[in-house]
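In: what would the 3D arrangement of this be:
(chains A, B, C and D)
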Protein chains: 4
Amino acid sequence: MANPELVISSCSSHEEENHCNFNQQKLNFFFMNSCEKFWAQGRKPWKLSIQILKIAVVTIQLVLFGLSNQMVVAFKEENTIAFKHLFLKGYMHQMDDTYAVYTQSDVYDQIVFTVNQYLHLYNVFIGNHAYENKDTEQSTMAICQHFYKRGNICPGNDTFDIDPEIETECFFVEPNEPFHTGTPAENKLNLTLDFHRFLTVELQFKLKAINLQTVHHQKLPNCFDFTLTITFDNKAHSERIKISLDNDISIRECKDWHVSRSIQNTHYMMIFDAFIILTCLVSLIFCIRSVIRGLQLGFISFN
Amino acid sequence: MANPELVISSCSSHEEENHCNFNQQKLNFFFMNSCEKFWAQGRKPWKLSIQILKIAVVTIQLVLFGLSNQMVVAFKEENTIAFKHLFLKGYMHQMDDTYAVYTQSDVYDQIVFTVNQYLHLYNVFIGNHAYENKDTEQSTMAICQHFYKRGNICPGNDTFDIDPEIETECFFVEPNEPFHTGTPAENKLNLTLDFHRFLTVELQFKLKAINLQTVHHQKLPNCFDFTLTITFDNKAHSERIKISLDNDISIRECKDWHVSRSIQNTHYMMIFDAFIILTCLVSLIFCIRSVIRGLQLGFISFN
Amino acid sequence: MANPELVISSCSSHEEENHCNFNQQKLNFFFMNSCEKFWAQGRKPWKLSIQILKIAVVTIQLVLFGLSNQMVVAFKEENTIAFKHLFLKGYMHQMDDTYAVYTQSDVYDQIVFTVNQYLHLYNVFIGNHAYENKDTEQSTMAICQHFYKRGNICPGNDTFDIDPEIETECFFVEPNEPFHTGTPAENKLNLTLDFHRFLTVELQFKLKAINLQTVHHQKLPNCFDFTLTITFDNKAHSERIKISLDNDISIRECKDWHVSRSIQNTHYMMIFDAFIILTCLVSLIFCIRSVIRGLQLGFISFN
Amino acid sequence: MANPELVISSCSSHEEENHCNFNQQKLNFFFMNSCEKFWAQGRKPWKLSIQILKIAVVTIQLVLFGLSNQMVVAFKEENTIAFKHLFLKGYMHQMDDTYAVYTQSDVYDQIVFTVNQYLHLYNVFIGNHAYENKDTEQSTMAICQHFYKRGNICPGNDTFDIDPEIETECFFVEPNEPFHTGTPAENKLNLTLDFHRFLTVELQFKLKAINLQTVHHQKLPNCFDFTLTITFDNKAHSERIKISLDNDISIRECKDWHVSRSIQNTHYMMIFDAFIILTCLVSLIFCIRSVIRGLQLGFISFN
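Out: Predicted coordinates:
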């Protein structure tokens, strides 16, 4: 801050003492801190209070925002763990690095198991998970295999004839009507893998969920879209097909919702948010006023 | 301690030598330690012996008390581990963090398993565990589910209609008569969980046991009440229901007991306890006498 | 490097200034670095550029060679892990140290399991693995047991009669015709182990594979020969037969191959290799020329 | 060692120079080291060689003894691991701390399993293990339960009536004839455990084995007696019965043995042992001679 005494001395060199004294007083007052202003003229420290209040409420808002985010991250992680247990056959805790299949029948079993779990979603799942709406095409599960266009591999004769261009063949599994337990899915799958040629098999499907946990903390639940990709990786052709589950997540506000006995806290939150905006606004106005006054005083003092 | 020489010098300043000498002697003797008293007048150090004895017996009592407590703590921990193996299906060592179920059928299986194990207590359990007496209501197992009052959750449409008020619904399972192996419990349970709405399921029941291990150490066995709470936590609605078993313990003296070929050590213990009380009492009396004498001497010396 | 100024001073001592000056200039120029040559006569630093280029291309070649080797090592390791899962019954991740059998039936089960997996190779295996060609004798699996020539061991009587000479008895299992699922192999095996006498059983067979992974990196696939040896070690006669799987590998170029839509990168690689040879050749020529010139100058200067 | 120069000076003080010189020479020679003796009189250092040889052969003997002992220790450890896998149902690697049963049926299953494995020893076991000879009584398996003499424990009423004296009840299982697979053992066991009263159940039996591994190292095999004790510990009455297997071992020379194509190394070992004894004997004789000579010289010098 500029030193008010410096201003005084510069003023006394102008020898227009009356006018200068008045300016000097104004300047002195301008550069005083809240405490000095209170002792000098009994002015209450409104601006200081506003600043302290602003810091407090913004900190609280930040903490609330962090807690809310933490809940979303935990929801995602819990869901990923659960999907691994639900869609991967025989998956156990902390097996990600070693989860693999080694025989042809295991590959088919694994795929059939995943498809079955997907088809009987409503009978198997505990949480609030559902397929996407049937109107769009995304509601189906896509089973895509990538393989070499042509491949006659005869390791016994040390000969091979291969076309390294990669082709992709997909077919789609429609989920049953909700709560219907039809014939087992095994019969429906006409999937045949040419193990000599195939590189990867990808099972991709979308699930939707609502994070009701936030209702406990009296916030509105969010809607989640999970895009699950189960990849059977045979690129190495080394008898070992590594299986990995990837879970992409996107969060959206739910379209249509109704919460009876309205969540009071949302009102409180809105009031709190409004209060923060108000506080920041008042702080901004004070700041602008201070800048303008400073400029005015500068204009007066040095002219 | 006050220095006896100081007393002497203060006495000589009074110039009543005869009387003073007598008081001086008394004072000198009062402030002597046990060793000096023995050399001066041949007095045996009874009070010192009592003190040393008191410290020894109180230490022994403390060690015995600690060992006895350690046995109780070990009994509780062993029981908690055993209850986890007995009431949680497929529980294995050190699975507490990862013990969870992921499908609807697993939830029902887990509940039915626990109820069955509870009902067939007398056929399954190894130890001396029993239900509480049938006269009171505590002998039943309470299966309580907490759920939202209303909940139409349609994640597929991104819509939900929820009443976040939590309702609780309990029903009670009466244990069979002892040693009766009736029809399996699965049929009796009419429990239906609405997975969209339910938050937690709690299975709560009480078991009683007697810690006979103490008889080996020739102490009277204690009676234990275990309050077991198995919680299925679905608060996150994330496909993963964590299951935890909580074991609250309360220790009481058994009401009615009979030990033939009486445990001699209890008599010894009582004698030992009586001896400690006596020692402490004697020590107290000596202490009070010493304080009174000190006051008397002080009164005589300075008047 | 020799110091040119030293040469100058030695020259001036000959007092044949004209001739010497010319030699001196030549010598000066010979010992100049690329930068000085450029400033002195405007000579472009061709030789320096060649050296830098050589270092760059040789480094790139080394990195490519390392990556290619890494792929081979990874292929071998993945195959060894897969073989352990495929040929050892009940093998699980990181069990190598503790993998053992303890009963007679387990030994037979283990051998029959391995033989079965070998016989049904084409139905079980995922990768491009095959038997060796049937013309040679190597295509069969050799089951060899090593045992004491004679052994009547009666621990009950503390007596034994043993001939410690070790005999070896082998018999061979011919793999089925490809893709044929005949009667189970259990019936075919007439293997009887005399557990009192036998020391080790070795199952040895060869598998061939082609590492197609390299096609992705647009290199030609290699052909691999795996020599697998499964050893049942009963040398200690201690109820515990340790089982180990050893995987020897040999890499060869495949005999007869055809890759449609030719792998362009092999051409690039050949061009790149040719370029490296050229660079090294040019560098060598420059080097030889420099040595010759140095010798000529030395001959001139000191004669 | 005494300093020879000191002896010389003491000699010259006697002034009997001729006689003294002779003694002095003898003494000097007596206290010379091997090297000095060789330079002085050309005496070969036989005694030194004997000492070095003795150290070498004794070291070799010690190493051989250590290796032989190591084989015995390894044999014992391997057998203990194998016995745990063979006699404890469902035992897996490194479960010793957590191996326990929790239900009544598990206790019976475990006991029946162990008895069955014991009865079908010759059909199950891989190694050279056998029962003790049938003439003695040790060949049977003893199943002993220790329990309170009287125990009416009613934890439900908080009452108990107990006689803490411990009674022991044993019954014995005779092993079948070798290689006979009779009716399953489950039916034969009339064991009933009173879980309220019983403290421990101990299954004790002896097995004999011969460590043939030493034949490879061309040493004679030893005979081993294993005394196995499987203890079910219910002392805590805490629903958890810890099971431990204890394996006591005793090594004996086998009574009657015959090894054809005689193990040459045993002869070599005997020759080696004889050589060590000879070396030590020679060393001892030299030592005694040296002591006697020293005493003689001392007698001569100082008289």
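In: show me what contacts residue A:238?
Out: Taking CB atoms under 8 Å, 6 or more residues apart in numbering or on different chains as the definition of contact, the neighbours of residue A:238 are C:75, C:78-79, C:82, C:127, C:209, C:211, C:213. Every residue, glycine included, has its C-beta placed from N, CA and C.
In: now which of those residues would you call buried?
Out: The neighbour-count test (16 or more other CB atoms under 10 Å in any protein chain shown) applied to the contacts of residue A:238 identifies C:75, C:78-79, C:82, C:127, C:209, C:211, C:213 as buried.
In: out of the residues you listed, which are close to chain A?
Out: If you filter those for contact with chain A, counting by CB under 8 Å from any CB of the partner chain, you are left with C:75, C:78-79, C:82, C:127, C:209, C:211, C:213.
In: and the gap between residue A:55 and residue B:167?
Out: Taking CB to CB, to the nearest Å as the criterion, residue A:55 is separated from residue B:167 by 42 Å.
In: nearest residue to residue A:207 other than its sequence neighbours?
Out: Spatial nearest neighbour of residue A:207, chain neighbours left out: residue A:226 (4.5 Å); criterion: CB to CB, 6 or more residues apart in numbering or on different chains.
In: which elements pack onto the helix or strand where that neighbour lies?
Out: When secondary structure is defined using DSSP states H and E, the element that contains residue A:226 is strand A:222-233. Packing contacts for strand A:222-233, counted by 3 or more CB pairs under 8 Å, 6 or more residues apart in numbering or on different chains; DSSP states H and E, involve helix A:46-87, helix A:104-119, strand A:198-210, strand A:241-253.
In: how does it look with 10 Å?
Out: Here strand A:222-233 is seen to pack against helix A:46-87, strand A:100-101, helix A:104-119, strand A:141-154, strand A:198-210, strand A:241-253 when contacts are counted using 3 or more CB pairs under 10 Å, 6 or more residues apart in numbering or on different chains; DSSP states H and E.
In: which one of the ones you listed lies closest to residue A:217?
Out: When those are compared by CB to CB, helix A:46-87 sits nearest residue A:217, at 7.4 Å.
In: how about that closest one, does it reach chain C?
Out: No - contact check for helix A:46-87 against chain C, using CB under 10 Å from any CB of the partner chain: none in range, with a minimum separation of 16.4 Å.
In: what's the mean pLDDT across that helix?
Out: What helix A:46-87 shows for mean pLDDT is 90.
In: with stretch A:294-303 instead?
Out: The predicted confidence, averaged over stretch A:294-303, sits at 76.
In: if we can go back for a sec, and the strand holding residue A:226, which residues are buried?
Out: A:222-226, A:228, A:230-232.
In: picking up where we left off before, of the contacts of residue A:238, which ones also sit close to chain D?
Out: Among the contacts of residue A:238, chain D is touched by none when using CB under 10 Å from any CB.
In: spell out which parts of the stretch 151-300 of chain A neighbour chain B.
Out: Proximity of the stretch 151-300 of chain A to chain B is confined to A:178, A:207-213, A:215-216, A:218, A:220-225, A:252-263 under the rule CB under 10 Å from any CB.
In: try 7 Å this time
Out: For the stretch 151-300 of chain A, the residues in contact with chain B (CB under 7 Å from any CB of the partner chain) are A:208-213, A:215-216, A:221, A:223, A:254-261, A:263.
In: put the buried members of those into a PyMOL selection.
Out: Typed into PyMOL, the line below selects the buried ones among these, using 16+ other CB under 10 Å:
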select buried, chain A and resi 208+209+210+211+212+213+215+221+223+254+259+263
